[in-house]
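[1] Following is a predicted model, sequence given first.
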Amino acid sequence: METSGRLILLFVLITAIFGISDAQSVCNVPYSGLFACLPAARPPNPPPPTAACCNTVRRANLGCLCSYRKSKALSNYGVDPNLAIQIPTKCRIPNAGHC
C-alpha cells in the first residue's frame, strides 16, 4: 500500500515539474487527471478520491511515475504522503505495482 501511495505522490510531482496543460500528458495520463487526485491527498479531512482521480490512477504507467519518486516538490502542493498512500486502496485498484 505504501508503494502505491508513492505513485500517487508522483502524479502530483510530475504536474509540478512540467506545468499544466490538458493537451499534454506524462506517464500515460493527462495533467488534468493528475490534479483530480490532489484533494484526496491534502489534509485535513480529505474527501474520497473522485472517479476522475481513480480513472487516472488506473490508466497511469506506474513504472514511469516511479522514476520521479524522490522529488521534494510535493510539499508545494500541500500533499500529505500518508493520505496519498491511501488513494489506490480507496479507488479499489488491485496490484498497483511497486517502485
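    The structure has been received and is ready for your questions.
[2] how close does residue 84 get to residue 77?
    Applying Cβ to Cβ, to the nearest Å, the value for residue 84 to residue 77 is 10 Å. Where you see a C-beta, it was placed from the backbone N, CA and C, and this is true even at glycine.
[3] ok, these two, which is more surrounded?
    residue 84 (26 against 15; other Cβ atoms under 10 Å).
[4] Let me know the secondary structure of that one.
    Assigned with DSSP: H, G, I helix; E, B strand; the rest coil, residue 84 falls in the helix class.
[5] repeat for the one 5 residues further on
    Classification of residue 89 into helix, strand or coil gives helix, according to three-state DSSP.
[6] ok, how many other residues are close to it?
    Using other Cβ under 10 Å: residue 89 sits among 14 other residues.
[7] any idea of the pLDDT on it?
    In the prediction, the pLDDT value recorded for residue 89 is 80.
[8] got it, and residue 54?
    Taking residue 54 on its own, its pLDDT is 90.
[9] Please verify my assumption that it contacts residue 93.
    Yes. In this structure, residue 54 is within contact of residue 93 by Cβ atoms under 8 Å, at 7.2 Å.
[10] And the helices in this protein, which stretches?
    For the chain, applying DSSP state H gives helices covering 2-18, 31-35, 51-59, 62-66, 81-85, 87-90.
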